[in-house]
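Engineer: quick one: sequence plus predicted model below, questions after.
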Amino acid sequence: MRPIKHAERGLTLFAGGVFNAIQTVNKYKPNPSFTPKWSDKPLLKSWQKTKPTLGFPRTTDSLCPKCVIEARESILSGKKDVTVLINEKVGEIKAQIIERDNQIWMIKDCPVHGHIEDMMAIDARFLTHIEKMFPGRDIDAHNDEKLHNHGSSTVKYGRGAVLTVDLTNRCNMMCDPCFMDANQVGFVHELSMDDIKEILDNAITIKPRRQMSVQFSGGEPSISPHFLEAIRYSRKVGYNSVQAATNGIEFAKSKEFCRQAAEAGLRYVYLQFDGIGNDANSHRQVGNLFDVKIRAINNLHEAGVEIVLVTTLVNGINNDQVGSIIRFALDNPKKIAFLSFQPVSFTGRDEEITEARRLQQRYTLSHLAHDVKSQVGITEPTRDWFPLSLMGAFADFADLVHGPQAEWGQVSCGCHPNCGVGTAVMVDKESKEMRPVPEFLNIPGLVTDMQKITDAARGKWMSNIMMGLALLKHYNPYKSPSQFTLYELFKKFDKSFGLTGKDYGKVSGDRSTTDIEKRRADRWNFLFIAGMWFQDLFNYDFRRTEMCIIPYGTQEGEISFCAYNTGIGWRNIIENMHQNATVAKWYQEHGRHEIFAGGKEVEMADKSHNLILNQMDLARPNKPQMDGPKTAHEEAVMMRKLYQEMVLKTQQLDTKEADKPVQIKGLSRRKEEPAEAVAV
């Protein structure tokens, strides 16, 4: 062991004593909270933060899946006005969240449609641990009446972390699952540049003034004609982190397109990434999709864009890929710094999923924590995982240090503890040595002491000194990576929150390639592993909706992610209200965009890459097996066969007919207009 580790250990013990001594005085007569420029309300002390009812059993407000679909169809057909969603509690029923056999379940009963059950966790201890760590809600949203007015679905708390803006509902793929039912609703909804500007301008009028990040999504945002201009405008009006949620096809095909996006100000790409190897991505129905992902990563990194891998996890389909993807990130630490695992949400194409497939394919955040341990051998589910909202305590401290004159509040992940979880691994980019951060940094203890510092509100430099002592107090150098030092710990913290004003490379709209290289020169990769579980109608909880940190910016205001894509289905309603044209008319005026499906491959001029791939993971030795239909498409084919066999008493469909893409009925389709089949 390096001698410096012994010196650091002595320093941490000394710092802990000093912190505790100062805190005995510091806790008395805390300074009042100031009201920053970005809010009309003062910063909250930790004891002023409210919490929803947590623990088990508890009662909450939920939805009946069938009542919601019926109500939505009534609105779309014109039988009811959309204002019913604002003035009435459409489809709402009570739900019980209970512990049963060390699992957590949501159970509810509709007087019309009967009993519904769905699993929320395979390990009750895990979810209990996560809820116990919840630090409380963020500041109430205010000055927001024009944008937050959606009845029971209204966002009520916090500043949010990411504003999501769908540029188009067109996509160059046809995936199962797809929460927005892209390409199959019979019409095109695509924002004009004026629409985009209005949504972005409106977002920064809300107090607390937030949305430091904006994510362009779709459909596939890169096929919007306004993609690059939307990025430029976002940077212009103050969003310091512009992101794109993408399947990566356009970025894989063209280095020049990657360069243009980076120059426009694209900072992050949230890249759909379902596993290692083409077999692990085969359910997306693109023949060489993994090759596309690898090439996109190469092109984007070369252009200066950072990559977040986003994986939709479906039990029995790709749940074996948790370990493979983490190993891929650990093997390529210079290019991958963030993993976002998203347990499947049965909505969009899967909204009317059969109960049998839903229970087979259900995957929860507790599944994720246990799979990381079993497949990678790191982290303990009830020790090393925390609610994403715990990051709110760090944002509170940074808000204090940045002072009352700051123009923007810090990004604050103040979501419900059932929404998202996270852990982190520190990776040496040179040697690939790694250690889970909770092994050498006592996160619960650090957060508790950080809240004490924030509550005392002693000013920037005193608070920074106390924070430094707190970091020392809770750091164990014996368990950190061999080359990791206290200096690196302080630098990581300062780099993340900009506490001292030191230049680590700008992230603002005027950043240069030099700034990008300066930030990347850091030897240490803080690999964050997150799980974000979006709701569907079977596990819907309004306590989660009202605390949403990733609202959609739309032509009808800002709406919770889950209320937009699931819930009552605001997406279907708003896109219908503001549709540009039927698919047939759009194709006549604009031509067909290319769609990759049915095994079609993406042509790439250059397929080379310099990423490290694990041969065992490419072989996929633990591929899960699942009986019966695996997708909405397969269910539809099966039902068509049964209909012909049992009702029409005709011969079975031949193989060629059965493999044809099925036009799934979009709930938002206008009844007077027939659905247009999508060519693939």
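Structural biologist: Received the coordinates, thanks. Everything quoted here is computed from the prediction, not taken from an experiment. Numbers count the residues shown, from 1 in each chain.

Engineer: what segments of the stretch 1-150 of the chain are helices?
Structural biologist: 3-26, 65-76, 84-87, 124-132 (DSSP state H, counting those that start in this stretch).

Engineer: so which of these is nearest Glu263?
Structural biologist: With C-beta to C-beta as the criterion, Glu263 lies closest to helix 124-132 of the helices of the stretch 1-150 of the chain, at 40.5 Å. From N, CA and C alone the C-beta is placed, and that goes for glycine too.

Engineer: helices or strands up against the closest one?
Structural biologist: strand 103-110, helix 365-376, strand 386-387 (3 or more C-beta pairs under 8 Å, 6 or more residues apart in numbering; DSSP states H and E).

Engineer: hang on, the earlier thing: out of the helices of the stretch 1-150 of the chain, which gets nearest to Ser431?
Structural biologist: Here helix 3-26 is closest among the helices of the stretch 1-150 of the chain (C-beta to C-beta), at 16.3 Å.

Engineer: circling back: please produce JSON lines containing the helices of the stretch 1-150 of the chain, extended by mean pLDDT.
Structural biologist: What follows is the helices of the stretch 1-150 of the chain, written out as JSON lines (pLDDT from 0 to 100):
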{"stretch": "helix 3-26", "mean pLDDT": "93"}
{"stretch": "helix 65-76", "mean pLDDT": "94"}
{"stretch": "helix 84-87", "mean pLDDT": "93"}
{"stretch": "helix 124-132", "mean pLDDT": "97"}
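
Engineer: mind checking which of the ones you listed is nearest Ser389?
Structural biologist: Taking the helices of the stretch 1-150 of the chain one by one with C-beta to C-beta, helix 124-132 is closest: 9.5 Å.

Engineer: contact partners of the closest one?
Structural biologist: Identification of contacts with helix 124-132 by C-beta atoms under 8 Å, 6 or more residues apart in numbering yields 54-56, 99, 102-104, 120-121, 365-366, 369-370, 381-383, 385-387, 417-418, 421.

Engineer: thinking again about what came up before, which one of the helices and strands packed on helix 124-132 is the most hemmed in?
Structural biologist: strand 386-387 (a mean of 24; mean count of other C-beta atoms under 10 Å).

Engineer: give me the residues contacting it.
Structural biologist: Contacts of strand 386-387 (C-beta under 8 Å, 6+ apart): Ile130, Glu131, Met133, Phe134, Cys415, Pro417, Cys419, Gly420, Val421, Gly422, Thr423, Ile443.

Engineer: okay, these in a markdown table with neighbour count and distance to Leu271 next?
Structural biologist: Converted to a markdown table, the contacts of strand 386-387 look like this (neighbours: other C-beta atoms under 10 Å; distance: C-beta to C-beta, whole Å):
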| residue | neighbour count | distance to Leu271 |
| --- | --- | --- |
| Ile130 | 26 | 27 |
| Glu131 | 18 | 31 |
| Met133 | 17 | 29 |
| Phe134 | 21 | 30 |
| Cys415 | 27 | 22 |
| Pro417 | 25 | 27 |
| Cys419 | 26 | 22 |
| Gly420 | 25 | 19 |
| Val421 | 28 | 21 |
| Gly422 | 23 | 18 |
| Thr423 | 24 | 21 |
| Ile443 | 19 | 28 |
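
Engineer: residue ranges with poor pLDDT in the stretch 101-250 of the chain?
Structural biologist: 176-184, 210-212 (pLDDT under 70).

Engineer: what's the closest of the helices of the stretch 1-150 of the chain to Lys156?
Structural biologist: helix 84-87 (14.3 Å).

Engineer: quick one: list the elements packing against that closest one.
Structural biologist: helix 65-76.

Engineer: from the contact counts, what lies against the helix it packs on?
Structural biologist: Using 3+ C-beta pairs under 8 Å, 6+ apart, helix 65-76 sits against helix 84-87, helix 570-577.

Engineer: buried sites along the shortest one?
Structural biologist: In this case it means helix 84-87. In terms of neighbour count (16 or more other C-beta atoms under 10 Å), helix 84-87 has its buried residues at Leu85.

Engineer: do the same with stretch 380-396
Structural biologist: In stretch 380-396, counting by 16+ other C-beta under 10 Å, buried: 380-381, 384-396.

Engineer: ends of that stretch, what's the gap?
Structural biologist: 27 Å (C-alpha to C-alpha, to the nearest Å).

Engineer: could you dump the helix or strand containing Lys495 to PDB, C-alpha only?
Structural biologist: Following DSSP states H and E, one finds Lys495 within helix 486-497. Output of helix 486-497 as PDB, limited to C-alpha atoms (Å, rounded to 0.1, in the frame of the first residue of the first chain):
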ATOM      1  CA  LEU A 486      -7.600  13.200  -1.700                       C
ATOM      2  CA  TYR A 487      -6.700  15.800  -4.300                       C
ATOM      3  CA  GLU A 488      -8.500  13.900  -6.900                       C
ATOM      4  CA  LEU A 489     -11.600  13.600  -4.600                       C
ATOM      5  CA  PHE A 490     -11.700  17.400  -4.100                       C
ATOM      6  CA  LYS A 491     -11.100  18.000  -7.800                       C
ATOM      7  CA  LYS A 492     -14.000  15.700  -8.800                       C
ATOM      8  CA  PHE A 493     -16.400  17.500  -6.400                       C
ATOM      9  CA  ASP A 494     -15.400  20.900  -7.500                       C
ATOM     10  CA  LYS A 495     -15.500  20.000 -11.200                       C
ATOM     11  CA  SER A 496     -19.100  18.800 -10.800                       C
ATOM     12  CA  PHE A 497     -20.500  21.700  -8.900                       C
END
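
Engineer: tilt between the helix or strand following that helix and helix 486-497?
Structural biologist: The C-terminal neighbour of helix 486-497 among helices and strands, as given by DSSP H and E, is helix 513-520. Taking axes from the mean of the first three to the mean of the last three C-alpha atoms, to 10 degrees, one finds helix 513-520 and helix 486-497 inclined to each other by 130 degrees.

Engineer: now do helix 513-520: which elements does it pack against?
Structural biologist: Against helix 513-520 (3+ C-beta pairs under 8 Å, 6+ apart) you get no helix or strand.

Engineer: buried sites along that helix?
Structural biologist: Asp515, Ile516, Arg519, Arg520.

Engineer: tell me where the stretch 201-350 of the chain has helices.
Structural biologist: 227-237, 249-253, 255-264, 289-303, 321-331.

Engineer: Trp408: which of these is closest?
Structural biologist: Comparing the helices of the stretch 201-350 of the chain by C-beta to C-beta, helix 227-237 comes nearest, at 11.4 Å.

Engineer: so what does the residue nearest the centre of the chain have for phi and psi?
Structural biologist: With distances taken as C-alpha atoms, centre = their mean, Met532 lies nearest the centre of the chain, 5.2 Å away. Backbone torsions for Met532, taken as degrees, to the nearest 10, come to phi -120, psi 120.

Engineer: hang on, Asp399 in a helix?
Structural biologist: Yes: applying DSSP: H, G, I helix; E, B strand; the rest coil, one finds Asp399 inside a helix.

Engineer: does it touch Gln405 like I think?
Structural biologist: No: using C-beta atoms under 8 Å, Asp399 makes no contact with Gln405, being 11.9 Å away.

Engineer: those two: who's more crowded?
Structural biologist: Asp399 (27 against 9; other C-beta atoms under 10 Å).

Engineer: now Lys585: phi and psi?
Structural biologist: phi -70, psi -40.

Engineer: what's the pLDDT at it?
Structural biologist: You'll see Lys585 listed with a pLDDT of 92.
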